[in-house]
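Asks: one predicted model, sequence on top.
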Amino acid sequence: MKLLTHNMLASTVRGVSQGYPLGIAPGAVTEVHACDFSKEFLVHVFPKLEWSAFVSACASLSLPTMPAEVTPASWEDESFLRQMHHNLLEVHVQEGTLICPESGRQFPVSKGIPNMLLNEDEI
Amino acid sequence: MATRKAHSRPELVAPADVFYDNREARKYTTNSHMIKTQHQLTERALELLALPKDAPPQLLLDLGCGSALSGSVLASYGHHWVGMDLSEAMLRVAVDRGVTGVQSADRQAPVDTNPTGVGVAAPVLFDEDDEDDDDDDEDGDDDDEPGTGDVMVGDLGQGLPLRTSLRLVHGSGSLSRHAGAPVTVSARGGETAAGGVFDGAVSISAVQWLCNADSSGAVPRLRLRRFFATLYAALKRGARAVLQIYPDSPQQAEMITSAAMKAGFSGGLVVDYPNSTRAKKYFLTLCAGPPSTSTAVPQGRDGDPDDGGDGEMVRSAKRRKVAGAGAGGGGSVRHPQRKGGADWIRKKKEQRMMRGYTDIPRDSKYTGRKRKSGRF
């Protein structure tokens, strides 16, 4: 699971109003796999991101921290772009647990695939 | 996901997570016929998706992605996609094929970038050619997955586990968002916090699975409702969703279409090759947002791949006209034509056609005309 995907995921357990952002339990196993860099895509996807959730996800995986504030100057900063690309698209959570912030429901991530299936009584 | 098999519909055999076990998943993904069909369907779905030209790579959803035969096509156009499927076995195959970019030990693909990607002095950093390279290998050869996908296990009928829009109340990051966004973004425009974030969604042969009650608790109508409501919320306003379906009956097509309309989508069913039993394909083409000229449903393909008759061209032309129909019942405000009259009959026929019925008598000069005598 990439952090881009994590940024979009929410818990939809019954009774939960937001279920976002999903916490990443400590001890998650990550792998890094290269992916083609495209500034265009980063610029396109940026307004879609919940930036603060991304920053805290990076923190919980002990990745190099992303700045809390993104300024227009950041877009000219090559190292910022590379770092964002790396954290967002190249880091894969292979094993771990996602935690719903409201209900505490845990969603396992196994072999890189998060399992968001709910039980019948949770729908 | 489930392409129709020679004798049976897999959705009638067992739920997707049971039917597509490890063995079936491998079988499916190595079957050249399946690969070809999925490839063609996805190409067509992308065409119907009508993504803006010369746009940056888009963020798409692939619903019922299975082993990502469809995702590979999306990736070959440079798009990033998030896939969801009920069958974990199928997703494992997808990951092993490298669609997420994770290279398994037995399948080492050449790494051409610095894995950390940090602090590399890269003269080609903003080189446009990077993109073109991606576009060139759209023949879908599996050896060269761009790895722009990601997958998760989920049941479409439970709703998509995605956040709907920008949900957080102004954290520091959110506040800086607008200040920080480069000018190009606002110029491209159209993306506000009102809708979801995905630029489009495709689904190949999956949605008809929602019509089956696999367990005692499953009510198809509710599952469809949850699916379309969450899909609507996940898409940005004006984005399209193209769902290729294999309805087992006109009623089923109607059930799916009306569930979509109730969720607020506009659009309708596009039927490719309506005269051919084999090549006939249904694409539910939806637009998240109010109907407008730009959201008119494109026409289905006709003329048949294998040179069939063209006697019924009229029907697909009709269907085209019906297309732009609005969301939420959009019934006419003006008083309808006299009940039982020729105009009324034509209108009813159009309505049924839009709902996916195929057993509609064709129009002729006799339509709605009174019989001469009382003999019949």
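Replies: That came in fine, so what should we check first? Numbers count the residues shown, from 1 in each chain, chains lettered A, B, ... in the order given.
Asks: which strand is the longest one in the chain?
Replies: Just going to use chain A. strand A:91-99 (DSSP state E).
Asks: right idea, wrong chain: chain B
Replies: Ranked by number of residues, the top strand in chain B under DSSP E is strand B:235-245.
Asks: that strand pairs with which strands?
Replies: Strand B:235-245 pairs in its sheet with strand B:198-204 (parallel), strand B:281-288 (antiparallel), by DSSP bridges.
Asks: beyond it, next helix or strand please.
Replies: Per DSSP states H and E, the first helix or strand lying C-terminal to strand B:235-245 is helix B:250-262.
Asks: after that following helix, which helix or strand is next?
Replies: Note on helix B:250-262: by DSSP H and E, the next helix or strand toward the C-terminus is strand B:265-272.
Asks: thinking again about what came up before, quick check: mean pLDDT of the longest strand of chain A?
Replies: For strand A:91-99, mean pLDDT is 94.
Asks: which helices and strands does that strand pack with?
Replies: helix A:3-8, strand A:23-24, strand A:29-32, strand A:106-110 (3 or more CB pairs under 8 Å, 6 or more residues apart in numbering or on different chains; DSSP states H and E). Heads up, the C-betas are built off the backbone N, CA and C, glycines and all.
Asks: now it: buried residues?
Replies: If you call a residue buried by 16 or more other CB atoms under 10 Å in any protein chain shown, then strand A:91-99 has these buried ones: A:91-94, A:96-99.
Asks: again, but for stretch B:261-271
Replies: Using 16+ other CB under 10 Å as the test for burial, stretch B:261-271 gives B:261, B:263-271.
Asks: what packs against the longest helix anywhere in chain A?
Replies: Counting by DSSP state H, the longest helix found in chain A is helix A:51-60. Where contact means 3+ CB pairs under 8 Å, 6+ apart, helix A:51-60 is packed against helix A:3-8, strand A:23-24, helix B:172-180.
Asks: can you list the weak-confidence ranges in the stretch 151-300 of chain B?
Replies: B:165-194, B:290-296 (pLDDT under 70).
Asks: which one of the strands paired with strand B:235-245 lies closest to residue B:221?
Replies: strand B:281-288 (16.4 Å; CB to CB).
Asks: bridging residues for the residue in the stretch 251-376 of chain B that chain A sits nearest to?
Replies: Residue of the stretch 251-376 of chain B nearest chain A, by CB to the nearest CB: residue B:288 (14.7 Å). With DSSP bridges applied, residue B:288 shows beta-bridge pairing to residue B:265.
Asks: with mean neighbour count added, can I get the strands paired with strand B:235-245 in TSV?
Replies: Shown next, in TSV, are the strands paired with strand B:235-245 (neighbours: other CB atoms under 10 Å in any protein chain shown):
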stretch	mean neighbour count
strand B:198-204	26
strand B:281-288	26
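Asks: what about the nearest residue to residue B:94 once chain neighbours are set aside, neighbour count?
Replies: Using CB to CB, 6 or more residues apart in numbering or on different chains and skipping the chain neighbours, the partner closest in space to residue B:94 is residue B:68 (3.8 Å). Neighbours of residue B:68 under the rule other CB atoms under 10 Å in any protein chain shown: 28.
Asks: hang on, residue B:68 packs against residue B:96?
Replies: No: with contacts counted by CB atoms under 8 Å, residue B:68 stays clear of residue B:96, the gap being 10.2 Å.
Asks: ranges for the helices of the stretch 251-376 of chain B?
Replies: Taking DSSP state H, counting those that start in this stretch as the test, the helices found in the stretch 251-376 of chain B are B:313-322, B:342-354.
Asks: where among these is average confidence lowest?
Replies: Among the helices of the stretch 251-376 of chain B, helix B:313-322 carries the lowest mean pLDDT, a mean of 41.
Asks: and the pLDDT at the closest residue in space to residue B:258 that isn't next to it in sequence?
Replies: Once flanking residues are discounted, residue B:258 sits nearest to residue B:355: 7.0 Å by CB to CB, 6+ apart. Listed pLDDT for residue B:355 reads 79.
Asks: pull the number of nearby residues for residue B:355.
Replies: 19.
Asks: same question, residue B:356
Replies: Based on other CB under 10 Å, the number of other residues close to residue B:356 is 24.
Asks: pretty sure it contacts residue B:269?
Replies: Yes: contact criterion CB under 8 Å: residue B:356 and residue B:269 qualify, at 5.2 Å.
Asks: joint contacts of the two?
Replies: Common neighbours of residue B:356 and residue B:269 (criterion: CB atoms under 8 Å, 6 or more residues apart in numbering or on different chains): B:253, B:257, B:282.
Asks: angle of the longest strand of chain A against strand A:106-110?
Replies: 150 degrees (axes from the mean of the first three to the mean of the last three CA atoms, to 10 degrees).
Asks: hey, C-alpha coordinates of strand A:91-99 in PDB?
Replies: Taking Å, rounded to 0.1, in the frame of the first residue of the first chain, the C-alpha atoms of strand A:91-99 are listed here in PDB:
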ATOM      1  CA  VAL A  91       7.300   3.600  -0.100                       C
ATOM      2  CA  HIS A  92       5.100   0.600   0.200                       C
ATOM      3  CA  VAL A  93       3.600  -0.600   3.500                       C
ATOM      4  CA  GLN A  94       4.000  -4.300   3.200                       C
ATOM      5  CA  GLU A  95       2.800  -5.600   6.600                       C
ATOM      6  CA  GLY A  96       1.100  -3.600   9.300                       C
ATOM      7  CA  THR A  97      -2.200  -2.500  10.700                       C
ATOM      8  CA  LEU A  98      -4.400   0.500  10.000                       C
ATOM      9  CA  ILE A  99      -6.500   1.800  12.900                       C
END
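Asks: tell me the angle of that strand relative to helix A:51-60?
Replies: Going by the same axes, to 10 degrees, strand A:91-99 makes 100 degrees with helix A:51-60.
Asks: how far does strand A:91-99 sit from the chain's center?
Replies: Distance of strand A:91-99 from its chain centroid, counting by CA atoms, centre = their mean, to the nearest Å, is 9 Å.
Asks: hmm, who's touching that strand?
Replies: Contacts with strand A:91-99, where a contact means CB under 8 Å, 6+ apart, come from A:1-3, A:6, A:9, A:11, A:22-25, A:27-33, A:61, A:63, A:105-112, A:114, B:100-102.
Asks: residue B:34 is nearest to which of the strands paired with strand B:235-245?
Replies: If we rank those by CB to CB, the stretch that ends up nearest is strand B:198-204, at 10.7 Å.
Asks: returning to that earlier point: average pLDDT for the longest helix of chain A?
Replies: pLDDT averaged over helix A:51-60 gives 92.
Asks: give me the next element, helix or strand, following it.
Replies: Per DSSP H and E, the first helix or strand lying C-terminal to helix A:51-60 is helix A:78-85.
Asks: low-confidence ranges in chain A?
Replies: Within chain A, not a single segment meets pLDDT under 70.
Asks: again, 90 this time
Replies: Scanning chain A for pLDDT under 90 picks out the ranges A:14-21, A:26-28, A:34-36, A:38, A:47-48, A:64-76, A:120-123.
Asks: show me the strands in the stretch 1-150 of chain B, by range?
Replies: Along the stretch 1-150 of chain B, counting by DSSP state E, counting those that start in this stretch, strands occupy B:59-63, B:80-85, B:149-153.
Asks: out of these, which comes closest to residue B:25?
Replies: Nearest to residue B:25 among the strands of the stretch 1-150 of chain B is strand B:80-85 (10.0 Å), distances taken as CB to CB.
Asks: now that closest one against strand B:59-63, angle please.
Replies: Taking the same axes, to 10 degrees, one finds strand B:80-85 and strand B:59-63 inclined to each other by 20 degrees.
Asks: check whether strand B:80-85 contacts chain A.
Replies: Yes: Strand B:80-85 reaches chain A (CB under 8 Å from any CB of the partner chain) through B:80, B:82, B:84.
Asks: quick one: which of those residues is nearest chain A?
Replies: Closest to chain A, out of all of the residues of strand B:80-85 next to chain A and judged by CB to the nearest CB, is residue B:82, at 5.4 Å.
Asks: done for today, thanks.
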